[in-house]
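Novice: Model the structure of this input:
(2 chains)
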Amino acid sequence: MINEIINMNGYGVYVWSAFSFTLVCFTSLYLVIKAQYIKERNKFILKFGSLDSKQVEAAKTQKINIEILSSGQII
Amino acid sequence: MIKIPEPNKIFAITSRAPKYVFFLFVVVLSVGLIEALLLSPEDYKQSHSVRIMYVHVPAAWISLGIFSGITLLSLSGYIFKNKNFFLIAKSLAPSGLVFNIIALVTGSIWGKPTWGTWWAWDARITSMLILSLFYLMYLIAWRIYNDDEKVIRATTLITIFGIINVPVIKYSVNWWNTLHQPASINLLSESSIHSSMLVPLTIMTAAFALFSLLIFLMKYNTELIRLKTKGLDRL
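Specialist: Below you'll find the model as predicted:
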């Protein structure tokens, strides 16, 4: 049964490599986009931390800035 | 005038959505893989190699769909002078390119046992390769131009030229004698694919669509944060 699933009448190497390639692409794209997200969020936090109290008050008037600060890991 | 919610307002939704989309994607993909690899029947002619269809076809469909969407968004953004359309288009492009590459590579893997060759300069395959070049040009344009006006003009032009290739991809199998088989699924007429194969194909397409939604949301949030970081400089 297991051998049949792996071999697939001799086509297993093609089928499994096509599915594996797809999953590798998915994982790579996911990790790249996640890394970009973390990098940009860290940049934002760093910049926000460097603001003086007056600028912080001004920044806090925009709800999205608070949302970014409170949003944790994307997944 | 088309009114779409401002990025400021939709971040609250787009920042929470990925974890739900990710969960749904894992569930649908798991069901799809079981259907595609274990439960669906083998083809009377192609035997088990037909299973490659369950990754190749959804990837090709979504890649074409995303490019069409990017073109529509770019044109709408240009006409209605709304930068958010460009931001959405830019966020869709990475998954479009990856799906295009998956369609090309899995098609090549499928070609070896079916046609006896990894690659042929066939109309369908060549036009798909050209689409990947348009995706690349689109993404490179976003990287090399710093000026907003220039990048908007360049990316819109790339999508306008690129979209001409989309009907060529779709109808290439009807217009020319190609190695690639004609479409088995037609929306307007009866499909030639059996339901035992159509079900896994539909589930895998749904899984791929969920993955592109997930990547889009993550990329869109990243772009919004990048914009807001620039906004902090102006305070």
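Novice: For the residue of chain B found nearest chain A, which non-adjacent residue is spatially closest?
Specialist: Nearest residue of chain B to chain A, counting by CB to the nearest CB: residue B:48, 3.6 Å away. Where C-beta positions appear, they are placed from N, C-alpha and C, glycine not excepted. Once flanking residues are discounted, residue B:48 sits nearest to residue A:8: 3.6 Å by CB to CB, 6 or more residues apart in numbering or on different chains.
Novice: burial of that neighbour, as a residue count?
Specialist: 19 (other CB atoms under 10 Å in any protein chain shown).
Novice: which residues does it contact?
Specialist: Counting by CB atoms under 8 Å, 6 or more residues apart in numbering or on different chains, residue A:8 touches A:15, B:42, B:47, B:48, B:49, B:51.
Novice: Quick one, which of those are buried?
Specialist: Among these, those buried by neighbour count (16 or more other CB atoms under 10 Å in any protein chain shown) are A:15, B:48, B:49, B:51.
Novice: what helix or strand is the first one on?
Specialist: Think residue A:15. helix A:12-49 (DSSP states H and E).
Novice: Buried residues, stretch A:6-19. List them.
Specialist: A:8, A:11, A:12, A:14, A:15, A:16, A:18, A:19.
Novice: from those residues, which single one is nearest residue A:40?
Specialist: Nearest to residue A:40 among the buried residues of stretch A:6-19 is residue A:19, at 32.2 Å by CB to CB.
Novice: for stretch B:68-82, what is the average pLDDT?
Specialist: In this model, stretch B:68-82 has a mean pLDDT of 94.
Novice: pull the CA atoms of it into CSV?
Specialist: Output of stretch B:68-82 as CSV, limited to C-alpha atoms (Å, rounded to 0.1, in the frame of the first residue of the first chain):
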residue,chain,number,x,y,z
SER,B,68,-5.6,40.4,-14.6
GLY,B,69,-6.5,41.8,-11.2
ILE,B,70,-3.2,43.8,-11.0
THR,B,71,-3.9,45.3,-14.4
LEU,B,72,-7.5,46.3,-13.4
LEU,B,73,-6.2,47.8,-10.1
SER,B,74,-3.4,49.7,-11.8
LEU,B,75,-5.8,51.2,-14.5
SER,B,76,-8.4,52.0,-11.8
GLY,B,77,-5.7,53.6,-9.7
TYR,B,78,-4.5,55.7,-12.6
ILE,B,79,-8.0,56.8,-13.7
PHE,B,80,-9.3,57.5,-10.2
LYS,B,81,-6.0,58.8,-8.8
ASN,B,82,-6.2,56.4,-5.8
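Novice: List the buried residues for that stretch?
Specialist: Quick answer for stretch B:68-82 (16+ other CB under 10 Å): B:69, B:70, B:71, B:73, B:74, B:75, B:76, B:77, B:78, B:82.
Novice: Secondary structure added to those residues, as TSV?
Specialist: Converted to TSV, the buried residues of stretch B:68-82 look like this (DSSP: H, G, I helix; E, B strand; the rest coil):
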residue	secondary structure
B:69	helix
B:70	helix
B:71	helix
B:73	helix
B:74	helix
B:75	helix
B:76	helix
B:77	helix
B:78	helix
B:82	coil
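Novice: Relative to the whole chain's centre, how far out is stretch B:199-208?
Specialist: 14 Å (CA atoms, centre = their mean, to the nearest Å).
Novice: Just the ones of the contacts of residue A:8 in strands?
Specialist: Secondary structure defined by DSSP state E assigns none of the contacts of residue A:8 to strands.
Novice: Any chance of a markdown table for those, columns pLDDT and distance to residue B:140?
Specialist: Shown next, in a markdown table, are the contacts of residue A:8 (pLDDT from 0 to 100; distance: CB to CB, whole Å):
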| residue | pLDDT | distance to residue B:140 |
| --- | --- | --- |
| A:15 | 97 | 34 |
| B:42 | 89 | 42 |
| B:47 | 90 | 41 |
| B:48 | 92 | 39 |
| B:49 | 93 | 35 |
| B:51 | 96 | 35 |
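Novice: from the residues you listed, which is closest to residue B:25?
Specialist: residue B:51 (20.3 Å).
Novice: Next up, the contacts around that closest one.
Specialist: By CB under 8 Å, 6+ apart, the neighbours of residue B:51 are A:8, A:11, A:15, A:19, B:36, B:37, B:40, B:42.
Novice: Assign a three-state SS to whichever residue of chain A sits closest to chain B, would you?
Specialist: In chain A, the residue that lies nearest chain B is residue A:8 (3.6 Å; CB to the nearest CB). Secondary structure, three-state DSSP: residue A:8 is helix.
Novice: Residue 46 - how many residues pack around it?
Specialist: You didn't say which chain, so I picked chain A. 10.
Novice: look at chain B instead
Specialist: For residue B:46, using other CB under 10 Å, the count is 15.
Novice: What does the pLDDT read for it?
Specialist: Among the per-residue scores, residue B:46 shows a pLDDT of 88.
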